[in-house]
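> model this:
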Amino acid sequence: MTRVMSRIPAGIAAALLLVAQVTTAGSETLTLGRADFVVAGLVESMSSSAVQSLLGRPDSVKAIDDFRDPGTKLISWVYRDLVVMLGSGDALRGVLITGRRVPTARGLRVGDRRERVAELYGAPIYQDTRVAEYADPDQRLHGITVLFKGAVVTEIFVGWAID
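Numbers count the residues shown, from 1 in each chain. Next comes the predicted model:
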């Protein structure tokens with residue numbers, strides 16, 4: 001559990017890179033659609049009670065200060081293999097996939113290789129050795145962030161970079 005929580009800020013920080021409008025040459029970006037933002041039956045803007053009805057009680061709950069709104073907390077529910085991030089209005093804003101049991105809508109899993117990411121999603125709008133970013137064409141802060149260690153996927157964030 002400590003390992004999972006220590007990486008949430010990295011996952012959120014990586015998601016903030018979605019604002020970069022860098023295109024990788026030589027490969028086509030496969031457009032993200034509404035279905036790409038469904039993970040384990042979780043649908044964006046789902047209420048916390050609906051999330052709990054679907055997944056059960058979380059293993060733990062974490063609250064961190066929202067730097068944009070002093071006194072407000074950002075809530076994360078930690079489950080085995082994923083972290084549910086709730087935003088303002090008690091609504092689902094993102095999911096961090098941390099284990100192999102939970103795939104993305106296109107079938108990407110933690111443990112897959114970088115080549116599999118390219119097969120499923122095409123060229124990212126931004127990438128380096130540790131991250132690949134894919135943005136919703138209509139909402140640049142909405143997307144999928146894939147984190148790597150070497151050529152292996154370690155975490156996948158699906159959702160909004162900020163609430």
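
> Could you list the paired strands of the strand with the most length in the chain along with their orientation?
When the chain is scanned for its longest strand (criterion: DSSP state E), the result is strand 139-149. Here strand 139-149 is paired, per DSSP bridges, with strand 131-136 (antiparallel), strand 152-160 (antiparallel).

> I'd like these as CSV, with mean pLDDT and mean neighbour count appended.
Quick note: C-beta positions are derived from backbone N, CA and C, even for glycine. Formatted as CSV, the strands paired with strand 139-149 follow (pLDDT from 0 to 100; neighbours: other Cβ atoms under 10 Å):
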stretch, mean pLDDT, mean neighbour count
strand 131-136, 96, 22
strand 152-160, 97, 22
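
> To residue 55, which of those strands lies closest?
strand 152-160 (15.0 Å; Cβ to Cβ).

> Strands of the chain, residue ranges please.
60-65, 73-79, 82-87, 91-97, 126-127, 131-136, 139-149, 152-160.

> now for the first one, which elements pack on it?
Applying 3 or more Cβ pairs under 8 Å, 6 or more residues apart in numbering; DSSP states H and E, we find strand 60-65 packed against helix 2-16, strand 73-79.

> between the ones you listed, which gets the lowest average pLDDT?
Among the helices and strands packed on strand 60-65, helix 2-16 carries the lowest mean pLDDT, a mean of 44.

> So, low pLDDT: which residues of this structure?
Within the chain, the segments meeting pLDDT under 70 span 1-27, 163.

> Can you tell me how far the spatially most central residue of the chain is from residue 108?
The residue lying closest to the centre of the chain (Cα atoms, centre = their mean) is residue 157, at 1.4 Å. To residue 108, residue 157 is 12 Å away according to Cβ to Cβ, to the nearest Å.

> OK, contacts around residue 37?
43-44, 105, 136, 142, 158-159 (Cβ atoms under 8 Å, 6 or more residues apart in numbering).

> okay, these in a markdown table with distance to residue 63 next?
Output for the contacts of residue 37, formatted as a markdown table (distance: Cβ to Cβ, whole Å):
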| residue | distance to residue 63 |
| --- | --- |
| 43 | 23 |
| 44 | 21 |
| 105 | 28 |
| 136 | 27 |
| 142 | 23 |
| 158 | 21 |
| 159 | 18 |
